[in-house]
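Student: here are the coordinates; sequence isn't available:
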């Protein structure tokens, strides 16, 4: 399977509010599999459809590290139905903002509803890194980048750096 090109900020395709997946079919499953392969090759732990120029509400995540057994998730139309009041500040990065990192405050735990790759509605609870990753990827589906959670000053610094890197051809 060929890897998909990852959209790099600043790019308006990352600011699109994605449309719901209507049906899960072979094409959507292939897209999810290719997204997972692209994410692993990058390497990353999450990828949302707009990061590969698709406007459907689809995300893939796999937070397994090192020798841990891979545990990929493919979620269509994911939505957070509950978020813990307790939050945690943790460093985040993004495949669409290569080599840019900042601390972001997220709910420690979430409960989500989504459509699986058989078209069935499911619920999942997550905490820690998986919860943060899911929140980050769902933000992408609404046109929100992790830098949007930062102060205007910090966000501006990162986005200016990204524009400069693109101008000099250091990122695509």
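Tutor: On my side now, so go ahead. In this text the structure is predicted, and so the values were computed from the model without any measurement.
Student: show me where the protein has helices.
Tutor: 26-41, 128-141, 152-167 (DSSP state H).
Student: Mean neighbour count, those: which tops it?
Tutor: Ranked by mean neighbour count, these are led by helix 128-141 with a mean of 21 (mean count of other Cβ atoms under 10 Å). Heads up, the C-betas are built off the backbone N, CA and C, glycines and all.
Student: And that helix, how far out from the chain middle?
Tutor: What separates the centre of helix 128-141 from the centre of its chain is 6 Å, taken as Cα atoms, centre = their mean, to the nearest Å.
Student: picking up where we left off before, mean pLDDT for the helices of the chain - can I get that in a markdown table?
Tutor: Below are these laid out as a markdown table (pLDDT from 0 to 100):
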| stretch | mean pLDDT |
| --- | --- |
| helix 26-41 | 98 |
| helix 128-141 | 98 |
| helix 152-167 | 94 |
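Student: Just tell me which of those ends up closest to residue 95.
Tutor: helix 26-41 (7.2 Å; Cβ to Cβ).
Student: So what touches the closest one?
Tutor: Residues outside helix 26-41 that contact it (Cβ atoms under 8 Å, 6 or more residues apart in numbering) are 1-4, 6, 21, 45-47, 49, 52, 54, 56, 58, 60, 62, 72, 74, 76, 95, 117.
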